[in-house]
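> Okay, sequence plus prediction incoming.
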Amino acid sequence: MMQSTLADLLGIVEQARGLGSLVLANGTQLIGHVPHIAVEGYLHEIYPGLSGDQILLLERSLANSVIPQEYKSFLGVMNGATLFSGALWFGGYRRDYSRTGDDCRQPYGLDYFNVLARPRDARNGEFFIGGFDDEHGSLLYLREGLVFRCSRASSRPAHEWVGFWDMLSCETVRISKLFDSFGRLKGSDSAASI
């Protein structure tokens, strides 16, 4: 399932390449230039995959949290991603927190939502992997092979998928239908409908 889901995801991302693309020195791919969002805005940012040693370094930064195997597999292919102008994002290993230049194009750090900004009621075994830029910003976490969507304030599930690859497939297809061929959200200027 991993290979077909990644192929589907990359197929959706590739549809935006006609709007412009760029590969940065650090390997980050910027796909689908969307100047109506920001002068240097891109619909998708795909960060290059991590080595096994980099995944171990990341795990050490997570206060003894264990990265679930299916997410480790994802990190080996891409170190997180920011999709649909941030409507859907996946965290990874953030090497530094530069706010300017190409170095600012990195994934959200998994350590932030698993250690620093973890919802107070999150239980052991809930591993936060990403989120949605919806009205209030919601998070995604893995627990026992399932993926859950929750608010940033509470890990109480609002939605559930049967696994990471199922969620990735369902959500990239669903969200892609909300955007037009120019990378604009259809029928709304707000991310509330995401």
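Structure received.
> quick one, what contacts the nearest residue to F127 once chain neighbours are set aside?
In space, F127 comes closest to L142 once its chain neighbours are excluded; the distance is 4.8 Å by CB to CB, 6 or more residues apart in numbering. Yep, even glycine has a C-beta here, placed from its N, CA and C like the rest. Residues in contact with L142 (CB atoms under 8 Å, 6 or more residues apart in numbering) are 68, 70-71, 126-127, 129, 148, 164.
> ok, of those, which one's closest to Y97?
I129 (19.6 Å; CB to CB).
> May I have the secondary structure class of that closest one?
strand (DSSP: H, G, I helix; E, B strand; the rest coil).
> can you tell me which helix or strand the residue nearest to F127 belongs to?
strand 138-143 (DSSP states H and E).
> List the buried residues for that strand?
138-143 (16 or more other CB atoms under 10 Å).
> Run the chain-centre distance for the following helix or strand past that strand.
As assigned by DSSP H and E, the chain's next helix or strand after strand 138-143 is strand 146-151. The chain centre lies 14 Å from the centre of strand 146-151; the measure is CA atoms, centre = their mean, to the nearest Å.
> for strand 146-151, packing partners?
Here strand 146-151 touches strand 138-143, strand 159-161, helix 164-176, going by 3 or more CB pairs under 8 Å, 6 or more residues apart in numbering; DSSP states H and E.
> S85 is nearest to which of the ones you listed?
helix 164-176 (10.2 Å).
> ok, residues contacting the closest one?
By CB under 8 Å, 6+ apart, the list of residues contacting helix 164-176 reads 1-2, 5, 8-9, 12, 15, 68, 70-71, 74, 83-84, 87-88, 129, 140, 142, 147, 161, 194.
> List buried residues within the residues you listed.
Buried among the contacts of helix 164-176 by 16+ other CB under 10 Å: 5, 8-9, 12, 68, 70-71, 74, 83-84, 87-88, 129, 140, 142, 147, 161, 194.
> Keep only those of the residues you listed that are in helices.
Under the assignment DSSP state H, the buried ones among the contacts of helix 164-176 contribute 5, 8-9, 12, 70-71, 74 to helices.
> between those, which is closest to L62?
Nearest to L62 among these, with distances taken as CB to CB, is Y71, at 11.5 Å.
> mind listing the strands for the chain?
If DSSP state E is used as the criterion, the strands of the chain fall at 21-23, 29-33, 42-48, 78-83, 88-90, 127-132, 138-143, 146-151, 159-161.
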